[in-house]
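In: sequence and predicted model, in that order:
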Amino acid sequence: ERLDWEPAGWKIGAASAEVRHAEGLPSPAPGRLHRRGVRASPAILPASLFINYRNSECEFAFRLGADLPPREAPYAEDEVRAAIESLMPAVEIGDTVFEDWYEASAYLGSCLDNGGAAAFVYGTPIRDWQAVDLPNARIDLHLNGTFIKSGFGRAAMGHPVTSLTWLANWLRERGRGLTAGEIV
């Protein structure tokens, strides 16, 4: 908020147990996506977005078509699922102000670095996303034609919608919500 960057949505860092273990985190760690770093694919990203490039990760992202406002009762997955407008393959490009991300995370937590969020490039939205077997869906990351790595939807808490529901409830517990148009 102090940087006056327009928000575009959220990221859920450390959604997999493997990443939480590597980073020494007890739970997933949200971070803000800002409009200045969000681009449609193909994209050329300006160097000004980065301080200390950390990594690139293949992701499944959702664009919300309805609000999930703050409320007392926790959100159930079926409510969150109903708020999703589309699914998008995506690449998150991580950055950090720390020289050693993992050492800093172990002592300070990634929340002090916005979860490492710097840039986010999304692919063609899929509106009929519920027909996709997301836990078993594989996404491959290629950068400039070079294969980097692969991932499966199940790495995100077993199902990407489970991760989104976690975020909706994490925000709800803090008196905040998600709004239509946001990307997570």
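Out: All right, it came through fine.
In: helix, strand or coil: sort out residue 21 for me.
Out: helix (DSSP: H, G, I helix; E, B strand; the rest coil).
In: what's the local residue count around it?
Out: Counted with other CB atoms under 10 Å, residues neighbouring residue 21 total 10. (Each C-beta comes from the backbone N, C-alpha and C, glycine too.)
In: low-confidence ranges in this structure?
Out: 98-115 (pLDDT under 70).
In: all helices for it, in order.
Out: Assigned by DSSP state H, the helices in the chain fall at 17-23, 77-83, 101-108, 160-172.
In: list the contacts of the residue lying farthest from the centre of the chain.
Out: In terms of distance from the mean C-alpha position of the chain, residue 72 ranks first, at 24.3 Å (CA atoms, centre = their mean). Listed by CB atoms under 8 Å, 6 or more residues apart in numbering, residue 72 has no contact partners.
In: also the one 5 residues further on?
Out: With contacts defined as CB under 8 Å, 6+ apart, the neighbours of residue 77 are 161, 162, 165.
In: put the buried members of those residues into a PyMOL selection.
Out: Those of those that count as buried under 16 or more other CB atoms under 10 Å are selected in PyMOL with:
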select buried, resi 161+162+165
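In: between the contacts of residue 77, which sits nearest residue 85?
Out: residue 161 (13.3 Å; CB to CB).
In: the closest one contacts residue 78, doesn't it?
Out: No: look at residue 161 against residue 78 with CB atoms under 8 Å: they stay out of range, at 9.2 Å.
In: the residue nearest to residue 45 when sequence neighbours are not counted: neighbouring residues, count only.
Out: Once flanking residues are discounted, residue 45 sits nearest to residue 119: 5.2 Å by CB to CB, 6 or more residues apart in numbering. Counted by other CB under 10 Å, the residues lying close to residue 119 total 22.
In: residue 119 contacts residue 93, doesn't it?
Out: Yes: under the criterion of CB under 8 Å, residue 119 makes contact with residue 93 at 4.1 Å.
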